[in-house]
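Trainee: predicted coordinates and the sequence they were generated for:
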Amino acid sequence: FRHNRIMKLFLVFIAFTLSSPLWAGSFYDEVSFRAGMVNISYTESASQLDTQSLTEEEAAAAAPGAGAVSSMSLDMQYQFLSYPEKAFYLRGIVPLMSTGGGSFFMVSSGANFYFKSLSSKIHHNDDGSSLKLTPKWRYFWGFELGIGYLIYTTEYAKKSDVIFDLGAHVGASYNFNPKWGLSGDLTASRGTGAVVSTIGIKIFVGGTYYFGD
C-alpha cells in the first residue's frame with residue numbers, strides 16, 4: 001500500500017512538472033570562456049612497415065612509442081537548446097602553452113544534465129506578467145564526442161594524428177548576478193586515431209555569460 005501511494009505521488013509530481021507553465025518559458029543561451037590544463041597520454045599502434053628493409057635508425061623511428069602531451073589551454077563553450085534539466089553545447093579547445101613540443105586542438109559537441117537546479121536562466125511571460133529566474137548554483141554531468149588534432153614529438157620525429165575523442169565530465173557553476181557567473185568541470189576521455197590511441201584529462205575554470213536582456 002505504501003509503495004502504491006509513493007508511486008501515485010510521484011506520478012502526480014511528474015504530471016505537475018510537465019504541465020507547469022514555467023517550462024513553457026524561454027531558456028537563455030550562454031557562453032563560457034575558461035582556462036585550464038589538458039593532458040593527453042598516447043600510445044602508438046604497431047607499424048605496418050617491413051622493418052627488415054629499413055636501416056637501424058629507420059626501424060627505431062618506426063617502432064611504436066608512448067608518451068604524453070600537456071598544455072595550458074583555452075576552452076570556449078556555447079550552450080544552447082536548453083530544457084529544464086539538460087542542455088546541449090558546442091566546444092572548442094586550443095593550446096596556449098605546451099610542454100615537450102606537443103599540442104592538442106579539439107572541437108566537440110555534447111550534452112549537460114543538471115540536477116537540483118534548472119539548466120539555465122529562464123524567462124517566462126504569461127498574459128503580460130514577466131518572470132525571470134537565474135539559478136544560483138548548478139551541478140551537472142555529461143558526455144561529448146569530438147574531433148581532436150594531436151601533435152607530439154618522439155625521440156626521432158615530430159608527428160601528428162587526428163583522433164575521435166569520447167569523453168564524460170562532471171562540473172558546477174555559480175551565478176553571482178543575472179548575467180555573469182563562474183564554472184568549472186573535469187573531463188576524462190578516450191580517443192582513437194589512425195596512429196595513436198589516447199587517454200585524456202581536461203580541467204577548466206572560468207567565466208560564463210548569458211545572452212539576452
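Mentor: Done, it's in.

Trainee: do you know how far the most centrally placed residue in the chain is from D165?
Mentor: The chain has E144 as the residue nearest its centroid, 5.7 Å off, counting by Cα atoms, centre = their mean. E144 sits at a distance of 8 Å from D165 (criterion: Cβ to Cβ, to the nearest Å). Quick note: C-beta positions are derived from backbone N, CA and C, even for glycine.

Trainee: so where do the strands sit in this protein?
Mentor: With DSSP state E as the criterion, the chain has strands at 26-27, 30-44, 66-80, 86-99, 103-115, 122-126, 129-133, 137-153, 158-175, 180-193, 196-210.

Trainee: just put the ones you listed in JSON lines and tack on mean pLDDT.
Mentor: What follows is the strands of the chain, written out as JSON lines (pLDDT from 0 to 100):
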{"stretch": "strand 26-27", "mean pLDDT": "88"}
{"stretch": "strand 30-44", "mean pLDDT": "95"}
{"stretch": "strand 66-80", "mean pLDDT": "94"}
{"stretch": "strand 86-99", "mean pLDDT": "92"}
{"stretch": "strand 103-115", "mean pLDDT": "95"}
{"stretch": "strand 122-126", "mean pLDDT": "76"}
{"stretch": "strand 129-133", "mean pLDDT": "78"}
{"stretch": "strand 137-153", "mean pLDDT": "95"}
{"stretch": "strand 158-175", "mean pLDDT": "95"}
{"stretch": "strand 180-193", "mean pLDDT": "96"}
{"stretch": "strand 196-210", "mean pLDDT": "96"}
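
Trainee: quick one on the thing from earlier: beta partners for the closest residue to the residue nearest to the centre of the chain other than its chain neighbours?
Mentor: Closest residue to E144 apart from its sequence neighbours, by Cβ to Cβ, 6 or more residues apart in numbering: G110 at 2.8 Å. Applying DSSP bridges to G110 gives these bridge partners: Y89, E144.

Trainee: cool, and the one 4 residues further on?
Mentor: Assessed by DSSP bridges, Y114 has beta-bridge partners F140.

Trainee: hang on, isn't it packed against K86?
Mentor: Yes - counting by Cβ atoms under 8 Å, K86 is a contact partner of Y114 at 6.7 Å.

Trainee: who's more crowded, these two?
Mentor: Y114 (21 against 14; other Cβ atoms under 10 Å).

Trainee: I'd say the residue nearest to the centre of the chain and T187 touch.
Mentor: Yes - between E144 and T187 there is a contact at 7.5 Å, judged by Cβ under 8 Å.

Trainee: any common contacting residues for these two?
Mentor: With contacts taken as Cβ atoms under 8 Å, 6 or more residues apart in numbering, E144 and T187 have G167, H169 as neighbours in common.

Trainee: one step back: how close does the residue nearest to the centre of the chain get to L186?
Mentor: On the measure of Cβ to Cβ, E144 and L186 end up 13 Å apart.

Trainee: then S32?
Mentor: 14 Å.

Trainee: quick one, which of these two is more surrounded?
Mentor: For the pair S32 and L186, the greater number of neighbours falls to S32 (23 against 13), based on other Cβ under 10 Å.

Trainee: dig out what that one forms beta bridges with.
Mentor: Going by DSSP bridges, S32 forms beta bridges with Q77, T208.
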